[in-house]
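>>> Please work out how this folds:
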Amino acid sequence: MRIPRADGAFRWLILSGSLLLAGQLNTAQDTGQTVPAADQAAYEEFHRLLAIGEYASALQRAQEIVRIEESHDAESGVLSVAYHQLGKVQLLTGDANAAVASLQRALQLLESSESIFSHKYIGPLGDLAESQAALGNHDAAIAAMHQAIAIGRRTKGLFNADQVVLLDRMAKSFESIGDIDGVDHARRYAVLVAEQQFGQDHPDSLPSISKLANWFELTGRYAMARALYERMARIASLEGGERNATVINSLLGVGRSHRLQYVETPKMVESSFWGARPAKQFDPVTGQKEAIAGAVDRPGFEGTATLSRQGIEALMKCLELLESVSDPPSDLLARTLVEIGDWYQTGTDPKRAISYYKRAWPLLEEVSTTAAPNPLLAPRPMFYRLPPNWRQNRVMQHGHVVERQVEFVMTITDRGDVTDLIRKSGDMTEGQGWQVARTLSHATFSPRFENGEPVATVDFSFTESRFETKPEAEAAAAPADPITR
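Numbers count the residues shown, from 1 in each chain. Next comes the predicted model:
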């Protein structure tokens, strides 16, 4: 039995594997050609193998489908989908170079039959971007994602939900090239999309809000991160109460952001200091400037304030919620105990900190993995406050900059104090190295643990980096930034 090739839309649906495309496809004109039933079986077998994760076998079927379509002189739209699916499975099997070639071919075929604003470009462009990112070609990946997102907004609306995946990929590529503004824009827009799709306080908006909060924390904007963590805790508690992992993780973020803000940016700390002026910061989502509840800005303040009680209250709330159930998740309980220990260690109360670390130790031995190692197996800096210009320097990790480093070796005592500090190597100036040494001599680390007890760590190595603008001649010779937004 031979099956007519007249129904191009039906064949496209088989190839794409998605009935959602049914209303978006154009039926091809009957060419009079036919295809054996075995060919249709190849399409179905491809999608079956893809669905069960048999990518190597699916790749063979995808290659067979491309050969079939080319031998039948298929219309460009059908052949484009064949190459698109081949590129997808090539990426899944780890051959990103082949995926790029297949996806570029799919886009070339589309250009011969579709408007440049056709929604059919979005899928191949998104997968091309992912393939380029896998190869480390983030500039090309960002360009492809920009195009896919622009087409999606034109055809589906400014706040269509389909762009969230692309925005996430774009943010990761921007982060890889050190473009902080690019990440900000992508992460913020993803939150705006979620708010438009689901509503400001809908649980489905939490993943996008969480990624933005984590990004702000990573880049040292703790007040904005904390505002989002507090919002997440409120949203997550609306359905099912406070005893859930999202609430606890959000409260941990609140406590951690208070602690890190105290260590790194002491000029803006929560306080009831009389006469302090309300501090202003950018709204974490819109970027508009507004007052931050509870934050103060005191010119000339150099960090004599204590840790905010609001932070430890958030951490203790986590512990209370976990201990109110008979069998709390070990990983959450361990993380909470470590965060409370870190809080007290930062506040130079090692006796109390160590008591919480000891409680966490048996749980950490149970839940730690290679991806999430036990944080008590090595010292970690708790109170390590570099001068303000050094902290600001950390945003210079892209463009025409050169990295300078200095390495010290030291002993970390069983209470977390630094002794026997010696400069070992590095290309920083003597003055810069002296600043790091002075900071380390006043630093507090979390002590290393063995068998549930704190121990001293001898010959502990610590490296600090500083980024400096390259000399003008070197910068002029460097390639121009290819990203234009």
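>>> Count the residues that sit near Glu430.
Burial measure for Glu430: 8 neighbouring residues, criterion other Cβ atoms under 10 Å. Backbone N, C-alpha and C define where each C-beta goes, glycine included.
>>> mind listing the helices for the stretch 1-150 of the chain?
Applying DSSP state H, counting those that start in this stretch to the stretch 1-150 of the chain gives helices spanning 8-16, 37-51, 55-71, 76-92, 96-111, 122-134, 138-156.
>>> In CSV: the ones you listed, plus distance to Gly178 and mean pLDDT.
Rendered in CSV, the data for those read as follows (distance: least, Cβ to Cβ, whole Å; pLDDT from 0 to 100):
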stretch, distance to Gly178, mean pLDDT
helix 8-16, 37, 37
helix 37-51, 35, 80
helix 55-71, 33, 90
helix 76-92, 25, 90
helix 96-111, 22, 95
helix 122-134, 15, 96
helix 138-156, 10, 96
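>>> As JSON lines, these with mean neighbour count would be great.
Conversion of the helices of the stretch 1-150 of the chain to JSON lines gives the following (neighbours: other Cβ atoms under 10 Å):
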{"stretch": "helix 8-16", "mean neighbour count": "21"}
{"stretch": "helix 37-51", "mean neighbour count": "16"}
{"stretch": "helix 55-71", "mean neighbour count": "18"}
{"stretch": "helix 76-92", "mean neighbour count": "24"}
{"stretch": "helix 96-111", "mean neighbour count": "20"}
{"stretch": "helix 122-134", "mean neighbour count": "24"}
{"stretch": "helix 138-156", "mean neighbour count": "20"}
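>>> Distance to Ala334 added to those, as a markdown table?
Converted to a markdown table, the helices of the stretch 1-150 of the chain look like this (distance: least, Cβ to Cβ, whole Å):
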| stretch | distance to Ala334 |
| --- | --- |
| helix 8-16 | 45 |
| helix 37-51 | 37 |
| helix 55-71 | 36 |
| helix 76-92 | 35 |
| helix 96-111 | 37 |
| helix 122-134 | 33 |
| helix 138-156 | 35 |
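>>> which stretch among these comes nearest Ala443?
When the helices of the stretch 1-150 of the chain are ranked by proximity to Ala443, the top entry is helix 138-156, at 34.9 Å, counting by Cβ to Cβ.
>>> ok, residues contacting that closest one?
Residues outside helix 138-156 that contact it (Cβ atoms under 8 Å, 6 or more residues apart in numbering): 117-119, 121-122, 125-126, 128-130, 132-133, 160, 162-163, 166-167, 169-170, 173-174, 176-177, 182, 482-483, 485.
>>> go on, stretch 407-414?
Contacts for stretch 407-414 (Cβ under 8 Å, 6+ apart): 379, 418-426, 436-437, 440, 445, 447-448, 454-464.
>>> Make sure Ile65 is actually in contact with Gln85.
Yes - here Ile65 reaches Gln85: they are 7.2 Å apart, a contact under Cβ atoms under 8 Å.
>>> Please identify the buried residues of stretch 420-431?
For stretch 420-431, burial by neighbour count (16 or more other Cβ atoms under 10 Å) applies to Leu421, Arg423, Gly426, Met428.
>>> Tabulate these (a markdown table), appending pLDDT, distance to Gly220 and secondary structure.
Converted to a markdown table, the buried residues of stretch 420-431 look like this (pLDDT from 0 to 100; distance: Cβ to Cβ, whole Å; DSSP: H, G, I helix; E, B strand; the rest coil):
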| residue | pLDDT | distance to Gly220 | secondary structure |
| --- | --- | --- | --- |
| Leu421 | 96 | 25 | strand |
| Arg423 | 95 | 26 | strand |
| Gly426 | 91 | 23 | strand |
| Met428 | 91 | 21 | coil |
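>>> show me where the stretch 301-450 of the chain has helices.
309-323, 330-346, 350-367, 388-393, 430-441.
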